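**Student:** curious how this folds, go ahead:
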Amino acid sequence: MMTNLFSTFDPSTSLLNLPINWSSTFIGLLLIPTMYWLMPLWILLMWNKRNLNFHNEFKTLIGPKSFNGTTFMFISMLIMMMFNNFMGLLPYIFTKSSDMTLTFSIAMPMWLSFMQFGWINNTKHMLAHLVLQGTPTALMSFMVLIETISNTIWPGTLAIRLVANMIAGYLLLTLLGNTGNMISFGLMTILISSQMLLLTLESAVSLIQAYVFSILSTLYSSETY
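**Tutor:** So this is what the prediction gives:
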């Protein structure tokens, strides 16, 4: 029984006292037929072409000074986030992308590695980023404080942005679904149509939020070169 609305996102599922909250991250792999892994079908060829497009886009954002293979890290993160977001649209599956333990555990190590690399290898460049070009002398100390706070909180904002956007749609779907047994048959048709449209919107949001998470991570990393 659901005690409150937010208990929908309580990852309390267990089997033999073992938590299985992460099962949604891997269960989708069982749905992919073996032939898609072994044979160069048209779906796999299209997927590889899409990954190449992502590689070129991330490469442009990072810049020519990036290390070889850097883009593949962001492409892998994009695919993982997109996969988890879409898994959350299936019934009775708790997606880990709506849990801060996953999003923050990805954003925080990236931030630490970017900051460590930037301050060790490009110290002057990192110091120059703290003061915007054209800032008056009287406001320089204030701008340094603002930029320092901005750089410090970005892993939290990156994680919360994804979690908040994913939870918002799930809450709306839950609210609409819980009213199904209390309305007339005529309104039921409108409710089902609304939920189908909202589910289509959430499918687009799942893709967009995964893309935004990866793009912002790429932009943050480009500031350290």
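**Student:** list the residues that contact the closest residue to Met110 other than its chain neighbours.
**Tutor:** Closest residue to Met110 in three dimensions, ignoring its sequence neighbours and counting by C-beta to C-beta, 6 or more residues apart in numbering: Ser217, at 5.9 Å. No exception for glycine: its C-beta is placed from N, CA and C like everyone else's. When contacts are counted by C-beta atoms under 8 Å, 6 or more residues apart in numbering, Ser217 touches 74, 77, 107, 110, 158.
**Student:** how about residues contacting the helix or strand harbouring the first one?
**Tutor:** Spelled out, that is Phe74. Here Phe74 sits within helix 70-87, counting by DSSP states H and E. With C-beta under 8 Å, 6+ apart as the test, helix 70-87 has contacts from 24-25, 27-28, 51, 54-55, 58-59, 62, 93, 95-97, 102, 106, 162, 166, 203, 205-207, 209-211, 213-214, 217-218, 221.
**Student:** in PyMOL, how would I select the buried members of those?
**Tutor:** Here is the PyMOL command that picks out the buried ones among the contacts of helix 70-87, judged by 16 or more other C-beta atoms under 10 Å:
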select buried, resi 24+25+51+54+58+62+95+96+97+102+106+162+166+205+206+209+210+213+214+217+218+221
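**Student:** from the contacts of helix 70-87, which ones fall inside helices?
**Tutor:** Mapping the contacts of helix 70-87 onto helices (DSSP state H) picks out 24-25, 27, 51, 54-55, 58-59, 62, 102, 106, 162, 166, 203, 205-207, 209-211, 213-214, 217-218, 221.
**Student:** one step back: ok, the residue nearest to Met110 to Trp154 distance?
**Tutor:** To Trp154, Ser217 is 10 Å away according to C-beta to C-beta, to the nearest Å.
**Student:** what do these two both touch?
**Tutor:** Contacts common to Ser217 and Trp154, judged by C-beta under 8 Å, 6+ apart, are Ala107.
**Student:** which residues of this protein score low on pLDDT?
**Tutor:** Flagging of the chain using pLDDT under 70 yields the residue ranges 1-43, 64-66, 180.
**Student:** recalculate using a threshold of 50.
**Tutor:** Scanning the chain for pLDDT under 50 picks out the ranges 1.
**Student:** how about the nearest residue to Leu158 once chain neighbours are set aside, what does it touch?
**Tutor:** Using C-beta to C-beta, 6+ apart and skipping residues adjacent in sequence, the residue nearest Leu158 is Ala107, 4.4 Å away. By C-beta under 8 Å, 6+ apart, the residues touching Ala107 are 154-156, 158-159, 217.
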